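A.B. asks: the following comprises the amino acid sequence and a computationally predicted model.
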Amino acid sequence: MGIIHHIEINVSDLSASKVFWTWLLEELGFSKHQEWEQGFSYKEGDAYIVFVQTADRFLDEPYHRGRTGLNHIAFAVDTKHQVDELYAELQRRGIPLLYPERHPFAGGKEHYAVFFEDPDRIKVEVAARSPFGQTKHIH
(Lines give C-alpha, C1' and ligand atoms only; values in the text may rest on other atoms or scores of the structure.)
Protein backbone atom coordinates (compact mmCIF):
# COMPACT_ATOMS: atom_id res chain seq x y z
CA MET A 1 0.00 0.00 0.00
CA GLY A 2 2.53 2.62 1.04
CA ILE A 3 5.83 3.00 -0.80
CA ILE A 4 8.55 5.61 -0.57
CA HIS A 5 7.85 8.50 -2.92
CA HIS A 6 11.00 10.49 -2.20
CA ILE A 7 13.63 11.22 0.41
CA GLU A 8 15.12 14.69 0.84
CA ILE A 9 18.53 15.18 2.45
CA ASN A 10 20.03 18.53 3.42
CA VAL A 11 23.78 18.65 2.77
CA SER A 12 26.50 20.97 4.06
CA ASP A 13 28.45 21.19 0.77
CA LEU A 14 26.29 20.73 -2.31
CA SER A 15 29.21 20.38 -4.73
CA ALA A 16 30.97 17.68 -2.68
CA SER A 17 27.69 15.82 -2.19
CA LYS A 18 26.93 16.07 -5.89
CA VAL A 19 30.24 14.42 -6.81
CA PHE A 20 29.71 11.62 -4.27
CA TRP A 21 26.02 10.92 -4.84
CA THR A 22 26.06 11.32 -8.65
CA TRP A 23 28.69 8.60 -8.96
CA LEU A 24 27.04 6.28 -6.44
CA LEU A 25 23.45 6.63 -7.60
CA GLU A 26 24.35 6.24 -11.27
CA GLU A 27 26.34 3.13 -10.32
CA LEU A 28 23.18 1.80 -8.64
CA GLY A 29 21.00 2.46 -11.68
CA PHE A 30 19.44 5.80 -10.76
CA SER A 31 19.16 8.57 -13.34
CA LYS A 32 19.29 12.33 -12.92
CA HIS A 33 15.81 13.66 -12.25
CA GLN A 34 16.14 17.37 -11.46
CA GLU A 35 18.81 19.99 -10.91
CA TRP A 36 18.61 23.59 -9.73
CA GLU A 37 20.96 26.08 -8.08
CA GLN A 38 20.46 24.79 -4.55
CA GLY A 39 19.93 21.10 -5.20
CA PHE A 40 19.58 18.05 -7.40
CA SER A 41 17.75 14.74 -7.43
CA TYR A 42 18.09 11.21 -8.80
CA LYS A 43 15.27 8.82 -9.61
CA GLU A 44 14.85 5.06 -9.85
CA GLY A 45 11.40 3.79 -10.70
CA ASP A 46 8.81 5.97 -9.01
CA ALA A 47 11.02 6.98 -6.08
CA TYR A 48 13.61 9.72 -6.01
CA ILE A 49 16.23 11.15 -3.67
CA VAL A 50 16.68 14.91 -3.35
CA PHE A 51 19.80 16.70 -2.07
CA VAL A 52 19.49 20.34 -1.00
CA GLN A 53 22.13 22.78 0.23
CA THR A 54 21.59 23.44 3.93
CA ALA A 55 20.85 27.10 4.67
CA ASP A 56 23.79 28.94 6.25
CA ARG A 57 21.88 29.56 9.49
CA PHE A 58 21.67 25.77 10.07
CA LEU A 59 25.30 24.85 9.30
CA ASP A 60 26.56 25.44 12.86
CA GLU A 61 25.51 21.95 14.03
CA PRO A 62 26.95 19.13 11.89
CA TYR A 63 25.05 15.95 11.11
CA HIS A 64 25.60 12.89 13.29
CA ARG A 65 23.76 9.60 12.73
CA GLY A 66 23.63 8.95 16.49
CA ARG A 67 21.26 11.89 17.04
CA THR A 68 17.54 11.83 16.45
CA GLY A 69 16.84 11.61 12.73
CA LEU A 70 18.28 9.62 9.86
CA ASN A 71 20.69 6.87 10.92
CA HIS A 72 21.58 5.54 7.47
CA ILE A 73 20.30 4.88 4.00
CA ALA A 74 20.55 1.40 2.48
CA PHE A 75 20.38 0.18 -1.10
CA ALA A 76 20.04 -3.37 -2.41
CA VAL A 77 21.93 -4.84 -5.36
CA ASP A 78 21.37 -8.22 -6.98
CA THR A 79 24.70 -9.94 -6.34
CA LYS A 80 27.61 -10.21 -3.93
CA HIS A 81 29.87 -9.48 -6.90
CA GLN A 82 28.29 -6.01 -7.20
CA VAL A 83 29.03 -5.39 -3.51
CA ASP A 84 32.65 -6.48 -4.07
CA GLU A 85 33.06 -4.22 -7.11
CA LEU A 86 31.60 -1.29 -5.20
CA TYR A 87 33.90 -1.96 -2.24
CA ALA A 88 36.94 -1.86 -4.53
CA GLU A 89 35.78 1.37 -6.17
CA LEU A 90 35.12 2.99 -2.78
CA GLN A 91 38.70 2.16 -1.79
CA ARG A 92 40.06 3.60 -5.06
CA ARG A 93 38.11 6.80 -4.48
CA GLY A 94 39.28 7.11 -0.86
CA ILE A 95 35.72 7.11 0.47
CA PRO A 96 35.62 6.38 4.22
CA LEU A 97 34.65 2.75 4.81
CA LEU A 98 32.86 1.67 7.98
CA TYR A 99 33.57 -1.62 9.76
CA PRO A 100 36.34 -2.68 7.30
CA GLU A 101 37.59 -5.30 9.75
CA ARG A 102 34.22 -7.08 9.51
CA HIS A 103 33.61 -6.58 5.78
CA PRO A 104 31.54 -8.00 4.08
CA PHE A 105 29.63 -9.43 7.04
CA ALA A 106 29.43 -6.37 9.31
CA GLY A 107 25.65 -6.74 9.27
CA GLY A 108 25.76 -10.40 10.26
CA LYS A 109 26.89 -13.71 8.79
CA GLU A 110 24.00 -13.84 6.31
CA HIS A 111 24.12 -10.16 5.31
CA TYR A 112 26.68 -9.38 2.56
CA ALA A 113 27.16 -5.61 2.43
CA VAL A 114 29.50 -2.66 2.37
CA PHE A 115 29.09 0.32 4.70
CA PHE A 116 30.61 3.75 4.07
CA GLU A 117 30.08 7.49 4.61
CA ASP A 118 29.07 10.36 2.36
CA PRO A 119 30.74 13.82 2.65
CA ASP A 120 28.48 14.71 5.62
CA ARG A 121 29.25 11.37 7.29
CA ILE A 122 25.80 9.97 6.53
CA LYS A 123 26.14 6.20 6.70
CA VAL A 124 25.36 4.43 3.43
CA GLU A 125 24.89 0.69 3.05
CA VAL A 126 24.78 -1.36 -0.13
CA ALA A 127 23.73 -4.97 0.43
CA ALA A 128 23.31 -8.01 -1.77
CA ARG A 129 19.71 -9.18 -1.81
CA SER A 130 19.09 -12.01 0.60
CA PRO A 131 18.32 -15.35 -1.04
CA PHE A 132 15.38 -15.59 1.36
CA GLY A 133 13.93 -12.16 0.49
CA GLN A 134 14.75 -10.81 3.95
CA THR A 135 17.18 -8.08 4.83
CA LYS A 136 18.99 -7.70 8.10
CA HIS A 137 20.85 -4.57 9.05
CA ILE A 138 23.41 -3.23 11.48
CA HIS A 139 22.54 -0.44 13.87
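C.D. replies: That came in fine, so what should we check first?
A.B. asks: where does pLDDT dip in this protein?
C.D. replies: For the chain, the stretches with pLDDT under 70 are 130-139.
A.B. asks: name the element the residue most central in space within it belongs to?
C.D. replies: Centroid-nearest residue in the chain: residue 124, 3.6 Å away (criterion: CA atoms, centre = their mean). Here residue 124 sits within strand 123-128, counting by DSSP states H and E.
A.B. asks: partner strands of that strand, with direction?
C.D. replies: Strand pairing for strand 123-128, using DSSP bridges, gives strand 72-77 (parallel), strand 113-117 (antiparallel).
A.B. asks: so what touches stretch 31-44?
C.D. replies: Applying CB atoms under 8 Å, 6 or more residues apart in numbering, the contact partners of stretch 31-44 are 6, 14, 18, 21-22, 25-26, 28-30, 48-53. Placement of C-beta: from N, CA and C, glycine included.
A.B. asks: now with 7 Å, please.
C.D. replies: Defining contact as CB atoms under 7 Å, 6 or more residues apart in numbering, one finds that stretch 31-44 is touched by 14, 18, 25, 29, 30, 48, 49, 50, 51, 52, 53.
A.B. asks: mind checking the SS state of the third one?
C.D. replies: Applying DSSP: H, G, I helix; E, B strand; the rest coil to residue 25 yields a three-state assignment of helix.
A.B. asks: one more: the fourth one?
C.D. replies: Classification of residue 29 into helix, strand or coil gives coil, according to three-state DSSP.
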